[in-house]
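> After the sequence you'll find the predicted model.
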Amino acid sequence: MTQIAELFKTADWKAEKHVPVIEIAGAAKKGQPVAVTVSVGKEIPHPNTTAHFIAWIDVYFMPAEGKFPCQIGRAEFAAHGASTEGPDTSTVYTAPSATFVFKTDRPGTILAMSYCNIHGLWQNSAALALQ
């Protein structure tokens, strides 16, 4: 039986265009809003066409010494160039990038997942330290 963890791929985002890149704005402070931007294709652009696209990004926070992660948010990307005239005929293409803002009183780990319609599930993580 396949477990979901077995389906996730990861790599260095500088060499692989499918890996979610996690960027934390500034120094996170206890109880203060922190902005986390997650994007796919930062170093090597990901195709964003009707045939090959990033469908969504999910972001979770796993508090240090916590039992379960908290879902911070989900971004879905729906415009990939398709129109009633056919594939890649629209002038509207969404970029697979989103910023999530949340507060926490504990350090932990940001977990990000993305889904490419051709290459499947990808994951990455980043430590969130608090001042």
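Alright, I've got the coordinates.

> Please verify my assumption that residue 60 contacts residue 70.
Yes: contact criterion C-beta atoms under 8 Å: residue 60 and residue 70 qualify, at 6.5 Å. All C-beta atoms are positioned from the backbone trio N, CA, C, and that covers glycine.

> Comparing these two, which residue is more hemmed in?
residue 60 (18 against 13; other C-beta atoms under 10 Å).

> so the more buried one, which of the three states?
strand (DSSP: H, G, I helix; E, B strand; the rest coil).

> Convert stretch 92-106 to CSV, retaining C-alpha atoms only.
Extracted C-alpha coordinates of stretch 92-106, given in CSV (Å, rounded to 0.1, in the frame of the first residue of the first chain):
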residue,chain,number,x,y,z
VAL,A,92,-3.7,35.4,-18.3
TYR,A,93,-1.2,33.1,-16.5
THR,A,94,-0.9,32.9,-12.7
ALA,A,95,2.5,32.8,-11.1
PRO,A,96,3.0,30.0,-8.5
SER,A,97,3.8,32.3,-5.6
ALA,A,98,1.9,33.3,-2.5
THR,A,99,2.5,35.1,0.8
PHE,A,100,1.1,33.8,4.0
VAL,A,101,1.0,35.9,7.2
PHE,A,102,0.5,34.3,10.7
LYS,A,103,1.6,34.7,14.3
THR,A,104,3.1,32.2,16.7
ASP,A,105,4.6,32.2,20.2
ARG,A,106,6.9,29.2,19.4
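
> Tell me the buried residues in it?
By neighbour count on 16 or more other C-beta atoms under 10 Å, the buried set for stretch 92-106 is 93-94, 96-98, 100, 102, 104.
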